[in-house]
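1. Sequence plus predicted model, see below.
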Amino acid sequence: MSGYSLRGLNWFNALSAGAKALDGLPPSLRVADVALGRLLAVVADPDNRFPRARNGEVGLLEGWGLAKAVDDAISADREQTHKRPLIAIVDVPSQAYGRREEALGIHQALAGAADAYARARLAGHPVIALLVGKAMSGAFLAHGYQANRLIALRDPGVMVHAMGKASAARVTLRSVEELEALASSVPPMAYDIDSYASLGLLWETLSVQQIEQPTAEDLARVTECLKQAIGDVSSGDLSNRLGAANRAASSRVRELLRAQW
């Protein structure tokens, strides 16, 4: 039994259906062009030259690799009327924490990935994120969070947060039990998908039979949802995320800023 998740890889393999992966990218990054669009997934690489990025974390190679894969799609489709969709398959436990990562500028690598996704979205590429596992910390910011539409599979292993529970407990000087009790009344502190959905950030949640290794029925259900999400994208902005009751303050702040500026 491996110590890392295979969800992202299994969903990439299912959705790509044997399509040839793009060359010139690190082994921890899988990219393929299919009928739906360009699939992108960060996966575990036990032989990664950076030890802190061996379990599916988004590190230096992954950040710059994502930026390249997205930039290539932008360049190739620049003269096209219909830009290919970009589908980020998200199963990332964290960004890579390490001295080498800090020294070599992981902040720039991850910013490069986020910037590429944002530029693709603004250039007319529908960007869809499919959350099949963890979407944690800077890894999610770099890979998935810039999407026009976020889709999450319903499963306890699918969670979105700034950091893991143990780390959050240490930072807030609480026990994990105290943190969980607080999360029950403060949705942004919770880890479950329903709490995250209450913030208005998810376009859809889906239940599947086998999230670890999707069945043919699971694949058909998710594929249809991805097609609907792509068709639902009408602009490059993210204003659709501010409609939920738990984002009322965010909406008000933006109104006041617009009025002042």
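-> Everything's here; your move.
2. List the residues that contact the residue nearest the centre of the chain.
-> Among the residues of the chain, the one closest to the centroid is residue 144, at 2.7 Å (C-alpha atoms, centre = their mean). Contact partners of residue 144, counting by C-beta atoms under 8 Å, 6 or more residues apart in numbering, are 88, 90, 92, 129, 131, 135, 150. C-beta coordinates here come from the backbone N, C-alpha and C atoms, glycine included.
3. Let me know the pLDDT of residue 1.
-> Per-residue pLDDT puts residue 1 at 44.
4. go on, residue 83?
-> Per-residue confidence (pLDDT) for residue 83: 96.
5. separation between it and residue 91?
-> Distance of residue 83 to residue 91, given as C-beta to C-beta, to the nearest Å: 25 Å.
6. more neighbours, those two?
-> residue 91 (29 against 19; other C-beta atoms under 10 Å).
7. give me the element that one is part of.
-> strand 86-92 (DSSP states H and E).
8. Output the helix or strand just after that strand as CSV - backbone C-alpha positions only.
-> Next helix or strand after strand 86-92 toward the C-terminus (DSSP H and E): helix 99-103. Only the C-alpha atoms of helix 99-103 are listed here, as CSV (Å, rounded to 0.1, in the frame of the first residue of the first chain):
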residue,chain,number,x,y,z
ARG,A,99,14.8,24.6,2.1
ARG,A,100,15.6,23.9,-1.5
GLU,A,101,12.1,24.9,-2.6
GLU,A,102,12.4,28.2,-0.7
ALA,A,103,15.9,28.9,-2.0
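9. now helix 99-103: mean pLDDT?
-> 95.
10. Name the residues that touch that helix?
-> In contact with helix 99-103 (C-beta under 8 Å, 6+ apart) are residues 50, 52-53, 59-60, 95.
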